[in-house]
Structure formats: structure tokens, C-alpha cells
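K.L.:
Here is a sequence together with a model predicted from it:
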Amino acid sequence: MGQITLLTGPERRRRWNEEERRQILKEAFSPGACVTQVAQRHDVLTALIYTWRAM
């Protein structure tokens with residue numbers, strides 16, 4: 001049998017500038033915020049938000 005690849009959405013890479021990153025980080029780590037919800041709202045992987053924070 002061969003391999004089947006299923007694409008469920010457009011393949012794209014989004015680039016965020018420094019100001020956008022700062023705003024997303026500020027929102028994600030504000031008191032009472034849920035990082036996962038902020039990530040979903042901005043179409044960012046949660047792991048990427050933590051990577052930005054470490055930078």
C-alpha cells in the first residue's frame with residue numbers, strides 16, 4: 001500500500017514582527033490570561049509563545 005497525505009487547510013507560514021510578538025506575549029502572560037486561548041486567538045502555536053518568551 002502507498003502512503004496517503006491528507007491536507008486539511010492551506011499550508012502557510014506566518015511571520016510576526018517584533019511589535020506583534022510583544023503584544024501577543026503581553027496578552028498571554030498578563031494576570032488571569034490563558035496562554036492556550038491567546039495562542040488560538042492569534043493562530044500561534046503555544047510552544048512558539050514560550051519560545052518567544054525565552055528569547
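P.N.:
Perfect, I can see it now.

K.L.:
which of the residues in the longest helix seen in the chain are buried?
P.N.:
As assigned by DSSP state H, the longest helix anywhere in the chain is helix 18-28. Going by neighbour count (16 or more other CB atoms under 10 Å), the buried part of helix 18-28 is Arg21, Ile24, Leu25, Ala28. All C-beta spots, glycine's among them, are computed from the backbone N, C-alpha and C.

K.L.:
Quickly note the distance from the residue nearest the centre of the chain to Gln3.
P.N.:
Centroid-nearest residue in the chain: Val44, 1.3 Å away (criterion: CA atoms, centre = their mean). Distance of Val44 to Gln3, computed by CB to CB, to the nearest Å: 29 Å.

K.L.:
Just give the nearest non-adjacent residue to Ile24, would you?
P.N.:
The shortest distance from Ile24 to any non-neighbouring residue, by CB to CB, 6 or more residues apart in numbering, is to His42 (5.3 Å).

K.L.:
Correct me if wrong: that neighbour contacts Leu25.
P.N.:
No. Applying CB atoms under 8 Å, one finds His42 not in contact with Leu25, separated by 10.5 Å.

K.L.:
can you list the weak-confidence ranges in this structure?
P.N.:
Residue ranges of the chain with pLDDT under 70: 1-2, 4-13.

K.L.:
from memory Ile24 sits against Gln40, does it?
P.N.:
No. Under the criterion of CB under 8 Å, Ile24 makes no contact with Gln40, lying 11.6 Å away.

K.L.:
Please name the residues that touch the residue nearest to the centre of the chain.
P.N.:
Arg14, Trp16, Ile24, Val38 (CB atoms under 8 Å, 6 or more residues apart in numbering).

K.L.:
Which ones among these map onto helices?
P.N.:
Checking those against DSSP H, those in helices are Ile24, Val38.

K.L.:
buried subset of the contacts of Val44?
P.N.:
If we count by 16+ other CB under 10 Å, these have these buried: Ile24, Val38.

K.L.:
Pipe the contacts of Val44 into JSON lines and attach distance to Trp52 per row.
P.N.:
Below are the contacts of Val44 laid out as JSON lines (distance: CB to CB, whole Å):
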{"residue": "Arg14", "distance to Trp52": "13"}
{"residue": "Trp16", "distance to Trp52": "8"}
{"residue": "Ile24", "distance to Trp52": "8"}
{"residue": "Val38", "distance to Trp52": "12"}
